[in-house]
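S.K.: I'd like to go over a predicted model; first the sequence, then the structure.
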Amino acid sequence: MKVALLGAGHWHAPMHADAARFAGATLCAVWDPDATAARALADRFDAPAIPSLDQVLATRPDICVTMGHPAEVPALARALIDAGMPMILEKPAAPETRILREIEARAQAQGVFVAVPLANRLSPAMRGLARTPEDTGGGDDAPPRVAHASFRIVNGPPERYRDDGVPWVLDPAAAGGGALRNLGLHGIDCALCLADGPVRVTSAQIARRLHPDEMVEDHALVTLTDAAGALFVVEAGYTTPAMQAGGDLEWRVATKGAYLVDRGDSAQWIGPRGLRSLPALPPDERYRAFMTDTLARLADGRPPLVGLSDYVAAMAVIDQAYALAAE
């Protein structure tokens, strides 16, 4: 497949370029409003830098990875949807949930494939939930009901975004929030994926604990419940001192038949007969896995693993959390 990268200045752009190559795709075009940023990424991955969106589309990509400043991405996304171009829409794609709903409606009306790279859906703790004969005695193979789950993703300090050339991530008017909106989105999305019916935000603590001079929160703790009474805890932060990618990640999911734990470099399944290891998926490999899955789904005519409706739903829950914390 041919993949075009739009928004080479985004801090995830190199991850998408690497993921496309890993999945066996050809990088047919690299574009950015800043020609210098486009050229730098294109040279790094030996791909052509293209000066305009029309010329990008002329290369006939199978899919465009669309990313950039949230004030600029909505217009770019609308143009691609109107052209019928499948895309991977990187977050944050808009400063407000309302704008995302408009993009979602446009994509649905035109039947355009739009995947959102919330790659922690591929966590071993999520993928290992399918019941096995050992769990069920060979009977019911329906997904187990979740009793509780927690999702923690805590990365390095806010200044790393300035170092990456994207200081707007720390502007709430542009990014729509801080650690919860940026990192906690992954946990909220996984909670909604596991939830039985609608969820309710029961508590939200939003704070600038270590970086009070920043305009966005550096730590957040949110609890949710679903219609069946399951409890979900989401923690997000910019509170580790490490400047490199990665940080403290842990996904835990409890059901009657299994307890699953994903710590990034290791994963475990704990069942009635003891503990066994699950194949780990390190955080720095999850974009590769997501790209491979997305290209396979596009080729097969299947919907994306995480689509715009999932993104909008998670953003709406985060809106509720911010509102509750403000009260």
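M.R.: Sure thing, it's come through. Numbering: from 1, shown residues only.
S.K.: which sections of this protein are below the confidence cut-off?
M.R.: Along the chain, segments meeting pLDDT under 70 span 130-143, 245-246.
S.K.: give the contact list for the residue nearest to the spatial centre of it.
M.R.: The centre of the chain sits closest to Leu118, judged by C-alpha atoms, centre = their mean, with a distance of 2.1 Å. Contacts were defined as C-beta atoms under 8 Å, 6 or more residues apart in numbering; by that measure Leu118 touches Lys91, Leu185, His186, Asp189, Val306, Asp310, Tyr311, Ala314. Where C-beta positions appear, they are placed from N, C-alpha and C, glycine not excepted.
S.K.: and which of those residues is nearest Glu235?
M.R.: Distance to Glu235 across those (C-beta to C-beta) is lowest for His186, with 11.2 Å.
S.K.: surely that closest one touches Phe151?
M.R.: Yes. With contact taken as C-beta atoms under 8 Å, His186 and Phe151 are classed as touching, separated by 6.9 Å.
S.K.: which one's more surrounded, the two?
M.R.: Phe151 (29 against 25; other C-beta atoms under 10 Å).
S.K.: what are the pairing partners of the helix or strand hosting that one, and which direction each?
M.R.: Counting by DSSP states H and E, the element that carries Phe151 is strand 146-154. Based on DSSP bridges, the pairing partners of strand 146-154 within the sheet are strand 231-237 (parallel), strand 248-255 (antiparallel).
S.K.: confirm Pro14 sits in a helix?
M.R.: Yes. Counting by DSSP: H, G, I helix; E, B strand; the rest coil, Pro14 is found in a helix.
S.K.: quick one: it and Arg44, what's the gap?
M.R.: Taking C-beta to C-beta, to the nearest Å as the measure, Pro14 and Arg44 are separated by 7 Å.
S.K.: just checking, Asp218 touches Ala236?
M.R.: No. Taking contacts as C-beta under 8 Å, Asp218 lies outside contact range of Ala236: 9.3 Å.
S.K.: three-state assignment of Val201?
M.R.: What three-state DSSP gives for Val201 is strand.
S.K.: please name the residues that touch it.
M.R.: Contacts of Val201 were listed using C-beta under 8 Å, 6+ apart, and they are Val222, Thr223, Leu224, Val317, Gln320, Ala321, Leu324.
S.K.: how about a cut-off of 7 Å?
M.R.: Val201 is in contact with Val222, Leu224, Val317, Gln320, Ala321, Leu324, counting by C-beta atoms under 7 Å, 6 or more residues apart in numbering.
S.K.: in the sheet, who's paired with it?
M.R.: The partner list for Val201 in beta bridges (DSSP bridges) reads Leu224.
S.K.: how close does it sit to Lys2?
M.R.: Plainly put, Val201 is 42 Å away from Lys2 if you go by C-beta to C-beta.
S.K.: what's next to stretch 225-240, contact-wise?
M.R.: Contacts made with stretch 225-240 from outside it, assessed by C-beta under 7 Å, 6+ apart, are listed as 145-158, 179-180, 183-184, 187-188, 191, 195-200, 202, 209-211, 218-224, 247-248.
S.K.: just the buried members of those residues?
M.R.: Buried residues within these, defined by neighbour count using 16 or more other C-beta atoms under 10 Å: 146, 148-158, 179-180, 183-184, 187-188, 191, 195, 199, 211, 218-224, 247.
S.K.: export stretch 230-242 to PDB, keeping only CA atoms.
M.R.: Presented in PDB, the C-alpha positions along stretch 230-242 are these (Å, rounded to 0.1, in the frame of the first residue of the first chain):
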ATOM      1  CA  ALA A 230     -18.100  -1.800  36.700                       C
ATOM      2  CA  LEU A 231     -15.500   0.600  37.900                       C
ATOM      3  CA  PHE A 232     -12.800   2.100  35.600                       C
ATOM      4  CA  VAL A 233      -9.900   4.200  36.800                       C
ATOM      5  CA  VAL A 234      -7.900   6.400  34.400                       C
ATOM      6  CA  GLU A 235      -4.700   8.100  35.500                       C
ATOM      7  CA  ALA A 236      -2.600  10.300  33.200                       C
ATOM      8  CA  GLY A 237       0.400  12.600  33.900                       C
ATOM      9  CA  TYR A 238       3.400  14.500  32.700                       C
ATOM     10  CA  THR A 239       5.100  13.700  36.100                       C
ATOM     11  CA  THR A 240       8.000  11.400  35.400                       C
ATOM     12  CA  PRO A 241      11.400  13.200  34.900                       C
ATOM     13  CA  ALA A 242      12.300  11.200  31.800                       C
END
